[in-house]
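*Asks:* need a structure here:
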Amino acid sequence: MGTTSSSFSALQEPFDATQFQQVLSTWLAPMRLECSHPLLVGWYNKARAETADGTQSIEGPDDAVAFAIYSVPQFLEVVVEHYAREKPERDIVDGATNAILGELRNQLPSSLDAQVINTDVGPPYFHVQTIGAVCAEDQHVEAEVLPVTGVNMLW
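*Replies:* Alright, predicted model coming up:
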């Protein structure tokens with residue numbers, strides 16, 4: 001699972017978010033996961049304050065750097081491989097995700113003081129759509145603004 005810790009140990013001081021994103025992306029690729037562009041905790045918390053009275057905020061300094069990790073096509077194959085190896089009785093997808101995130105947690109330099117959280121399992125629970133919007137990996141679109149002609153769409 002993933003590459004060796006040497007990929008993270010090659011990180012330069014001071015922290016460079018772009019370099020970290022490249023290293024993390026390389027580490028995640030074999031597991032069919034990707035990471036977002038860097039975002040600041042303050043950006044997410046500001047969006048939550050504007051849209052949800054500050055619920056599900058991230059505890060941390062506004063200038064703390066965060067990344068979203070998300071699955072891409074063929075992640076289901078990784079889940080199936082995990083299932084074949086571990087034979088879990090339940091929570092098959094979360095089990096595979098937690099195994100990957102646990103390995104990532106172990107590989108990251110302790111100096112980063114990183115929080116690695118499966119938002120589907122929590123706690124804490126964060127609003128993934130807000131994270132996606134803030135890091136420019138997702139966009140919220142209301143159904144009524146979609147240009148649909150000649151099709152009866154039921155939402």
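*Asks:* The helix or strand of the chain with the lowest mean pLDDT packs against which elements?
*Replies:* Every helix and strand of the chain was ranked by mean pLDDT, DSSP states H and E. The lowest is helix 6-9, at a mean of 74. Other helices and strands packing on helix 6-9, by 3 or more Cβ pairs under 8 Å, 6 or more residues apart in numbering; DSSP states H and E, are helix 17-28. Using the backbone N, CA and C atoms, a C-beta is placed for each residue, glycine as well.
*Asks:* Pull out the buried residues from the helix it packs on.
*Replies:* 20, 21, 23, 24, 27, 28 (16 or more other Cβ atoms under 10 Å).
*Asks:* Could you dump those into a markdown table and include pLDDT and distance to residue 134?
*Replies:* A markdown table is the format used below for these (pLDDT from 0 to 100; distance: Cβ to Cβ, whole Å):
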| residue | pLDDT | distance to residue 134 |
| --- | --- | --- |
| 20 | 95 | 18 |
| 21 | 95 | 15 |
| 23 | 94 | 22 |
| 24 | 96 | 18 |
| 27 | 95 | 23 |
| 28 | 96 | 20 |
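*Asks:* and of the residues you listed, the nearest to residue 75?
*Replies:* Distances from residue 75 to the buried residues of helix 17-28, taken as Cβ to Cβ, are shortest for residue 28 (10.4 Å).
*Asks:* Contact partners for residue 115?
*Replies:* Going by Cβ atoms under 8 Å, 6 or more residues apart in numbering, residue 115 touches residue 60.
*Asks:* Which positions in the helix ranked longest in the chain come out as buried?
*Replies:* Longest helix of the chain, by residue count under DSSP state H: helix 92-107. Buried positions in helix 92-107, judged by neighbour count with 16+ other Cβ under 10 Å: 93, 95, 96, 97, 98, 99, 100, 101, 103, 104, 107.
*Asks:* Can you verify my assumption that the last one contacts residue 8?
*Replies:* Yes: the pair residue 107 and residue 8 passes the contact test of Cβ atoms under 8 Å, sitting 5.4 Å apart.
*Asks:* Next, the contact list for the residue nearest to residue 67 when sequence neighbours are not counted, please.
*Replies:* Residue nearest to residue 67 in three dimensions, not counting chain neighbours: residue 35, with 4.6 Å by Cβ to Cβ, 6 or more residues apart in numbering. Residues in contact with residue 35, defined by Cβ under 8 Å, 6+ apart, are 21, 24, 25, 28, 67, 68, 69, 70.
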